[in-house]
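Enquirer: Please find the sequence and the predicted model below.
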Amino acid sequence: QVQLVESGGGLVQAGGSLRLSCAASGRTFSSYAMGWFRQAPEKEREFVAAISWNGGSTSYADSVKGRFTISRDNAKNTVYLQMNSLKPEDTGVYYCAARASPYFSGSKNLYPYWGQGTQVTVSS
């Protein structure tokens, strides 16, 4: 199993940047694909970005392409989400998720492990 702890959220003005981090426990982090999801008030949790076990493949939601970058450092058991040119519609709780597979998925139902989430608020 793996335990996930997110950090780096906060309040930022539109156009600003934040970098989220997700620290994972366990010795087998490098065998997990990782994903970031977000949930706005009264909306379903949605896919943001995902990365394969070695960082060789990534995927992004259309709404964040060109603005967000997912990366990972397997030596530090950490996955990152760099968020630039933030918009008010990016506001929500951001969750890190893991699945015991080298390959990611855009479906939240295929990630059994989740962090507690970190709040991102973008003001206009």
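Expert: Noted; the coordinates are in hand.

Enquirer: Contacts only, for the residue nearest the centre of the chain.
Expert: Nearest to the geometric centre of the chain sits residue 36, at 2.4 Å (C-alpha atoms, centre = their mean). Contacts for residue 36 (C-beta atoms under 8 Å, 6 or more residues apart in numbering) come out as 20, 22, 48-50, 70, 79, 81, 94-97. Any C-beta I mention is one placed from the backbone N, CA and C, and that applies to glycine too.

Enquirer: between those, which is nearest residue 117?
Expert: residue 95 (4.8 Å; C-beta to C-beta).

Enquirer: List the contacts of the closest one.
Expert: With C-beta under 8 Å, 6+ apart, residue 95 has these contacts: 6, 36-39, 45, 114-115, 117.

Enquirer: with the contacts of residue 36 in mind, which one is nearest to residue 105?
Expert: Taking the contacts of residue 36 together and measuring to residue 105 by C-beta to C-beta, the closest member is residue 50, at 6.9 Å.

Enquirer: Counting neighbours, what do you get for the nearest residue to that closest one once chain neighbours are set aside?
Expert: In this structure, residue 50 finds its nearest non-sequential neighbour in residue 104, 3.5 Å apart by C-beta to C-beta, 6 or more residues apart in numbering. Using other C-beta atoms under 10 Å, residue 104 is surrounded by 25 other residues.

Enquirer: for residue 60, what are its contacts?
Expert: 48-49, 68, 70.

Enquirer: which residues pair with it across the strands?
Expert: Assessed by DSSP bridges, residue 60 has beta-bridge partners residue 49.

Enquirer: Check residue 121 too.
Expert: residue 11.
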